[in-house]
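K.L.:
take a look and give me a structure for this.
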Amino acid sequence: MSFVRTYTKPRVFAAAVLGSLVVGALLGVVARQTEAGWLTDLLDQIGTIFTTLLQIAVIPLVFTAIVVGINSLRKLGGGRTAARLGGKTVLWFAITSFIASLIGIAVGRIFNPGAGGLGGVEATAKNADKAAKSVDHWGSWDAFVNGLLPENFVKAFSDGETLQVLFLALVIGAAAYSLGDKAKPFVDFTTSVFEIIQRYLGWIVRLAPIGIIGLIGAAVSNYGDALFRPLFSTTLAVYVGCLLVLFVVYPILLQFVAKVSPLKFFAKAGTAIQFAFASQSSAATLPLTRQSAVNLGVQPAYAAFATPLGSATKMDGCAAVFPAIAAIFVANLAGVSLNFWQYVGIVVVAVVGALATAGTTGWLTAFTLTTSFIGLDAKQVALGLALIYSVNPIMDMMRTATNVAGQIVVPTIVARSEGLLDDEVLNAPTDRPEHSDDGTSARHAEPAPA
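P.N.:
Predicted structure coming up:
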């Protein structure tokens, strides 16, 4: 199924998203200026419904996509080929995370967010309480390691533990791969479920413009003034850092390593990046991410493996740029100067702690792991987190867009190095994908129903 074609053309969708962003922002301003509580509540309800509809599919999507992706590698060769592709993918995940974390540190040092202390900004009691609980729950490597292994299969799914589901998917997918034909009925069933979830998300994506109006409108209405207080520097730093990764680092890697025109990349990946910005969810964007990689010429079998893995573990915005800037923000609030080794610690967490960012709490886990790893005071961490909560929806848009772009860039780089990048597909018109997800040419495949 060519997912992008099932709901609309990319250019039409891009125009609808941009229009929704403007309308949502205007409604948010109106609600805030007129103190129209009913309008704020309505916008918030619309955004919440849209987000809930997306989140319903996240856990089954992650599980089925990874199981199907691992077994799709069979089309590319034997176990050694699969291991090599997996190793290269993870290596490039680490390389780009390393670069992104350095950019986060550099931008954080330049903007110096939080310098001078609170400056009149106080954390609300609600945010402070939420932050304290979050630090206790997510703030240690022990919590991460213990949270990796589920108590049982069903509980991991029912509790929505994305990291545990990811672990189960990797193990079960590998076991099915090793069994070969014996596991074919299970793989076929999982593939069918995966296609059903994609179709469901295709329907929900049609509602994106409405959902975006609610999400943006509620964010502007609730948090608009916070952007012009001392938190403005933190928010701006996150945007600048992510934009540098998105429009400088990735284009350089695409041009000189993958031999892919950055303009062609953004033309074909733009829909996924925009949807990620609006939805604030890498997992919900996965079908678009996968199709974007295919449209860029990445062999569908490899894209089916790399993009779901990336959606859970490849987060340059949430797990590299953001925690570096946030750590500097917290240190400045506490009046602490970070030393060289603490900056090294920030980079280490970004490179080796990617798995800890799986799921909807990715930014939170990365933040607490980073700040605890470099030894910042827990009370100051909770205070900084309480302040960040107030503008987090605005930060998360840019972080998630950067995450998803990286999840498409890395498979493109690896595919080029392995001879799995089809230049004919890459150079095909943007609105006419040449490959369907099952690896057949779209010129010979039946058109997917709307």
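K.L.:
count of neighbours near residue 342?
P.N.:
By other C-beta atoms under 10 Å, the residues close to residue 342 number 19. C-beta coordinates here come from the backbone N, C-alpha and C atoms, glycine included.
K.L.:
can you tell me the closest non-neighbouring residue to it?
P.N.:
Excluding the flanking residues, the one nearest residue 342 by C-beta to C-beta, 6 or more residues apart in numbering is residue 374, at 4.2 Å.
K.L.:
cool, and residue 272?
P.N.:
Spatial nearest neighbour of residue 272, chain neighbours left out: residue 288 (3.9 Å); criterion: C-beta to C-beta, 6+ apart.
K.L.:
surely the one you found touches residue 274?
P.N.:
No: using C-beta atoms under 8 Å, residue 288 is not in contact with residue 274; the gap is 9.2 Å.
K.L.:
the more surrounded of these two?
P.N.:
More neighbours surround residue 288 than the other of residue 288 and residue 274, with 29 against 23 (other C-beta under 10 Å).
K.L.:
packing partners for whichever helix or strand the more buried one is part of?
P.N.:
Assessed by DSSP states H and E, residue 288 sits inside helix 286-295. Counting contacts by 3 or more C-beta pairs under 8 Å, 6 or more residues apart in numbering; DSSP states H and E, helix 286-295 packs against helix 58-72, helix 184-205, helix 262-279, helix 300-313, helix 378-417.
K.L.:
one more time with 10 Å
P.N.:
Counting contacts by 3 or more C-beta pairs under 10 Å, 6 or more residues apart in numbering; DSSP states H and E, helix 286-295 packs against helix 10-34, helix 58-72, helix 184-205, helix 262-279, helix 300-313, helix 378-417, helix 423-426.
K.L.:
quick one, which of those is packed in tightest?
P.N.:
Ranked by mean neighbour count, the helices and strands packed on helix 286-295 are led by helix 300-313 with a mean of 27 (mean count of other C-beta atoms under 10 Å).
K.L.:
could I get the average pLDDT for that helix?
P.N.:
Taken as a whole, helix 300-313 carries a mean pLDDT of 85.
K.L.:
next structured bit after that helix?
P.N.:
Toward the C-terminus, helix 300-313 is succeeded by helix 316 as the next helix or strand (DSSP H and E).
K.L.:
least confident secondary structure element in the chain?
P.N.:
Ranking every helix and strand in the chain by mean pLDDT, DSSP states H and E puts helix 125-138 at the bottom, with a mean of 50.
K.L.:
rewinding a little: of the helices and strands packed on helix 286-295, give the one that comes closest to residue 231.
P.N.:
When these are compared for distance to residue 231 using C-beta to C-beta, the nearest one is helix 378-417, at 5.2 Å.
K.L.:
quick one: buried residues of stretch 340-351?
P.N.:
The neighbour-count check on stretch 340-351 (16 or more other C-beta atoms under 10 Å) flags 342-343, 345-351 as buried.
K.L.:
what of stretch 73-87?
P.N.:
Of all the residues in stretch 73-87, those buried under the rule 16+ other C-beta under 10 Å are 73, 76, 82, 85-86.
K.L.:
of all the residues you listed, which two lie farthest apart?
P.N.:
Using C-beta to C-beta, the pair of these lying farthest apart is 76 and 86, separated by 11.2 Å.
K.L.:
surely residue 89 touches residue 293?
P.N.:
No: using C-beta atoms under 10 Å, residue 89 is not in contact with residue 293; the gap is 11.6 Å.
K.L.:
more neighbours: the two, which one.
P.N.:
More crowded of residue 89 and residue 293, by other C-beta under 10 Å: residue 293, with 30 against 23.
K.L.:
so for residue 164, which of the helices and strands packed on helix 286-295 sits nearest?
P.N.:
Residue 164 sits nearest to helix 58-72 of all those, at 9.8 Å, using C-beta to C-beta.
K.L.:
tell me what angle the closest one forms with helix 184-205.
P.N.:
130 degrees (axes from the mean of the first three to the mean of the last three C-alpha atoms, to 10 degrees).
K.L.:
now helix 58-72 and helix 300-313, what's the angle there?
P.N.:
Interaxial angle of helix 58-72 relative to helix 300-313 (the same axes, to 10 degrees): 140 degrees.
K.L.:
low-confidence bits of the stretch 101-250 of the chain, can you list those?
P.N.:
116-148, 162-163, 223-230 (pLDDT under 70).
K.L.:
list the contacts of the residue most central in space within the chain.
P.N.:
Centroid-nearest residue in the chain: residue 282, 3.3 Å away (criterion: C-alpha atoms, centre = their mean). Contacts for residue 282 (C-beta atoms under 10 Å, 6 or more residues apart in numbering) come out as 58, 62, 272, 276, 289, 307, 310-315, 317-318, 357-360, 362, 399-401, 403-404, 406-407.
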